[in-house]
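In: Compute the structure for the input listed below.
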Amino acid sequence: MDSAQDEIQEDTDPQILFVAAEIAESSDLNIPSSLLKLKQILEGVPSGSKELKKLKQDIYRYDLLQYCVVILKQDFSRINGGWATATQLGQLLSDCCLGLEPNVDSDEFYNNVLPAAVDNLLFLARRLQARFIRAIKECEKMEFLHHFRTVTDSLCWLIGGHFMLAQHVLRSDHFLQLIITDDIETGTVMMSALQNIIRVNSSVFTNLDEKTICSILDELVYKLSSTSNPVIGSTATKLLLLMAESHPPVVQILCTSYKGIHIILSKQWTGRGFGRELTRLLELLSTRSSQQEEMQRMHQAACAIQAVWKAFQTRKRMKKLPSAVTTLQRSFRAKREQELQVLGRKKEEEELRQQLQLRRHRAMREFRERQLLMLEIVPASQIGRHLQDMEQKSAVMIQKHWRGHRERRNYHKTKQTLREFKAAVTVQRAVLKFLERRRKLRKVFSPLREPKGLSDVRRLELLQKVEQHIKLHPKSSMSDEGSKELHMKCQEKLGQYLMRRNLQQKDDQRREALFAQINTDIELLSNAPGLKEVTEKEMDSFTSRSLPVAARAKQSHNTMLQFTRWPWWKKLGDEFIDPEAIPSQEIDMDFESLYIGGSKTT
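Out: This is a model prediction of the structure:
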């Protein structure tokens, strides 16, 4: 660990080490002066060089950048150099943060150090603004205003290098308090700084809440309505235009929340030297206002249509109300009648159940009375036997009912199984019948597949016929050379046949192609348009690409032209003469130009 620290110290610039050691030993009042030595060190290095980046990394590694952030909260009125030192420290902080890519603790730098630097720069700007407002002397005012502008420029420079800090700046309470001021100079500087922030990050308002945007718009609209200073008016107008162009919902907020902004801009700030920006802003507001008026008009029209439709529906329901009341009464009476019928049936069933119960009790009582009478009739010696017979009959009756109940219960349990068994039997019967029909059809339509059996007599007859045939047609003996010669002849004839078949196939294909071409030409000629309707494209389709054909067609055409120029007395009786029959000796051929296959040859 110590060796690694030694290597880091060897790579670190000795001037940085000297400043860090001096700050560690100095008091709080002397720390700002020691930190300003870093500015001299950075100014001695070319901008954009690797050495400058390494110096910034060393400054961050030795927590000198954090010292600059923390020291901005001090009261610089008691420190050597005063508020000029604070301004220089702000510039130093902005320069060190720009282009810094820390090798270690990068999350700490982006999440904590940069936001803290922005907050402390805004806090320093608030202090300078307060002292500028309280200052009496003109020289003090100019000095504080210069320091204030320098701090805001450092803030804009820092945001230009780290544009994600723009939203943090606009959400800061220090920024809102800086822009909410009646002072012209500092208010103009803050509005210019806000313009620079928006130019750096045009989407800064996208993730901002509407409350923050409305707070900024409140102050800008207040400045436009409460002052007549052209500098404030020009800066506020340009800022509003920039906000409206970068974030279109700002126009909607202006039109809805600040309805008099259009009148203020057109009457109070027309002809003040910034007419182009003012005209552009008024056009945006007018466009949005016209859109809102159109939407309001459409809303009112929709409300009117809804009112007319609802009135129509109400009148329609009122017309149907008597029939609806009648239907309701009818349904209510029908339902009440049904309920009365149900109650009547329930009452009848209850009365029937009570009657059955009374009859059962009466029958039981009569049965017991008969038993007592029978016991009185039966001799005393046979009473035990009689009671035993009665118990046996009772047991038989109980067993009968129990077995019947058990069988019915078992039947319900096996009912589904029986149904499945019957279904399986039905399916098997159908399949067997189907297979039997298929076998019968196979026997009918294919009787030769099964060979018929031969009897012994028939077999002997066939053997005798075979022997007689062999005797009448003895086998001819042939040598191997003869077999080979016969085989070669067969091969030659087979090859000749195949060659002739290939040539014949080619001739057939050529013949079919010629037939197809002739049919196509016949179809084209039959569908050909007249000479008055023919086009150049259709003329090309009738032009032959064969030179002899084209030459012959040209010759026939010229012959017919010459024939048409004959005197009438030569053409008497030859109205239907064939151009091929005209003698060529009688016609002077003119072949100055010949049209062949789509080209002209001279």
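
In: Longest helix of the chain, counting residues only.
Out: Across the chain, the longest stretch assigned as helix under DSSP state H is helix 275-377.

In: Next secondary structure element downstream of that one?
Out: helix 383-445 (DSSP states H and E).

In: Let me know the average pLDDT across the helix or strand following that next one.
Out: Per DSSP H and E, helix 383-445 leads on to helix 456-472 as the next helix or strand towards the C-terminus. Mean pLDDT, computed over helix 456-472, is 87.

In: cool, and stretch 480-488?
Out: The model assigns stretch 480-488 a mean pLDDT of 84.

In: Report the buried residues of that stretch.
Out: Within stretch 480-488, no residue counts as buried by 16 or more other Cβ atoms under 10 Å. The way it works is simple: take the backbone N, C-alpha and C, and place the C-beta from them, glycine included.

In: Which residue, other than its chain neighbours, is closest to the residue nearest the centre of the chain?
Out: When Cα atoms, centre = their mean is applied to the chain, the residue found nearest the centroid is residue 206 (23.8 Å). Excluding the flanking residues, the one nearest residue 206 by Cβ to Cβ, 6 or more residues apart in numbering is residue 247, at 6.9 Å.

In: doesn't residue 201 make contact with the one you found?
Out: No: applying Cβ atoms under 8 Å as the test, residue 247 and residue 201 come out as separate, 11.3 Å apart.

In: What residues of stretch 220-238 count as buried?
Out: Buried-residue list, stretch 220-238, by 16+ other Cβ under 10 Å: 220, 221, 223, 224, 227, 232, 233, 234, 235, 236, 237, 238.

In: can you tell me which helix or strand the third one belongs to?
Out: Remark: residue 223 resides in helix 210-226, with elements defined by DSSP H and E.

In: cool, the last one as well?
Out: With elements taken from DSSP H and E, the one containing residue 238 is helix 230-246.

In: Check which helices and strands that helix sits against.
Out: Using 3 or more Cβ pairs under 8 Å, 6 or more residues apart in numbering; DSSP states H and E, the elements in contact with helix 230-246 are helix 184-200, helix 210-226, helix 249-257, helix 275-377.

In: Pull the residues that contact it.
Out: 184, 187-188, 191-192, 194-195, 198-199, 202-205, 216-217, 220, 223-224, 227, 250-251, 254, 265, 268-269, 272-274, 277-278, 280-281, 284 (Cβ atoms under 8 Å, 6 or more residues apart in numbering).

In: Mind checking the pLDDT average for it?
Out: For helix 230-246, mean pLDDT is 78.

In: how much distance is there from that helix to the middle of the chain?
Out: 40 Å (Cα atoms, centre = their mean, to the nearest Å).

In: Same check on stretch 238-256?
Out: So, by Cα atoms, centre = their mean, the centroid of stretch 238-256 is 32 Å from its chain's centroid.

In: how long is that stretch from one end to the other?
Out: For stretch 238-256, the first and last residues are 20 Å from each other (Cα to Cα, to the nearest Å).

In: in which helix or strand would I find the residue nearest to the centre of the chain?
Out: Following DSSP H and E, there is no helix or strand that holds residue 206.

In: how near is it to residue 114?
Out: 20 Å (Cβ to Cβ, to the nearest Å).

In: now the closest residue to residue 261 other than its chain neighbours: how far from residue 264?
Out: Distances taken as Cβ to Cβ, 6+ apart put residue 254 closest to residue 261, at 5.6 Å, once the chain neighbours are dropped. Remark: distance between residue 254 and residue 264 (Cβ to Cβ) = 11 Å.

In: tell me, what's touching these two both at once?
Out: residue 221.

In: Look at those two and report which has more neighbours.
Out: residue 254 (23 against 14; other Cβ atoms under 10 Å).

In: And residue 88, how far from residue 71?
Out: 11 Å.

In: Kindly report the same for residue 134.
Out: Using Cβ to Cβ, one gets 23 Å for the distance from residue 134 to residue 71.

In: Neighbour count for the two, which is higher?
Out: residue 71 (20 against 10).

In: That one: what's it in contact with?
Out: 31, 32, 35, 89.

In: any idea of the pLDDT on the first one?
Out: As summarised for this prediction, residue 31 has a pLDDT of 73.

In: Not counting sequence-adjacent ones, nearest residue to it?
Out: In this structure, residue 31 finds its nearest non-sequential neighbour in residue 23, 5.6 Å apart by Cβ to Cβ, 6+ apart.

In: for residue 154, same thing?
Out: In space, residue 154 is closest to residue 94, 4.0 Å off (Cβ to Cβ, 6+ apart).

In: which secondary structure element contains that neighbour?
Out: helix 83-97.

In: what comes into contact with that helix?
Out: Outside helix 83-97, the residues that touch it by Cβ under 8 Å, 6+ apart are 32-33, 35-36, 38-39, 42, 56, 59-60, 65, 68-69, 71-72, 76-77, 79, 81, 113-114, 117, 121, 124, 128, 131, 143-144, 147, 150-151, 154-155, 157-158, 161-162.

In: For that helix, what is the distance to the chain centroid?
Out: 51 Å.

In: got the buried residues for it?
Out: Applying 16+ other Cβ under 10 Å to helix 83-97 flags 83, 85-97 as buried.

In: between the residues you listed, which is nearest residue 375?
Out: Nearest to residue 375, judged by Cβ to Cβ, of the buried residues of helix 83-97 is residue 97 at 124.6 Å.

In: Could you check how far the closest one is from residue 127?
Out: Separation of residue 97 from residue 127 (Cβ to Cβ): 21 Å.

In: now do residue 375
Out: 128 Å.

In: Of those two, give the one with the bigger neighbour count.
Out: A direct count of neighbours by other Cβ under 10 Å for residue 375 and residue 127 places residue 127 higher, at 20 against 12.

In: in what helix or strand does the more buried one lie?
Out: Per DSSP H and E, residue 127 falls inside helix 114-134.

In: Follow the chain on from that helix and name the next helix or strand.
Out: Moving toward the C-terminus from helix 114-134, the next helix or strand (DSSP H and E) is helix 138-161.

In: hmm, who's touching that following helix?
Out: 83-84, 86-87, 90-91, 93-94, 97-99, 114, 117-118, 121-122, 124-125, 128-129, 131-132, 135, 165-166, 169, 185-186, 189-190, 192-193, 196-197, 200-201.

In: what's the angle between it and helix 83-97?
Out: Inter-element angle recorded for helix 138-161 and helix 83-97: 10 degrees (by axes from the mean of the first three to the mean of the last three Cα atoms, to 10 degrees).

In: Please spell out which residues along helix 138-161 are buried.
Out: Neighbour-count burial for helix 138-161, counted by 16+ other Cβ under 10 Å, picks out 141, 143-145, 147-160.

In: quick check: mean pLDDT across the helix or strand that it is followed by?
Out: Later in the chain than helix 138-161, the nearest helix or strand by DSSP H and E is helix 165-171. Summarised as a single mean, pLDDT over helix 165-171 is 78.
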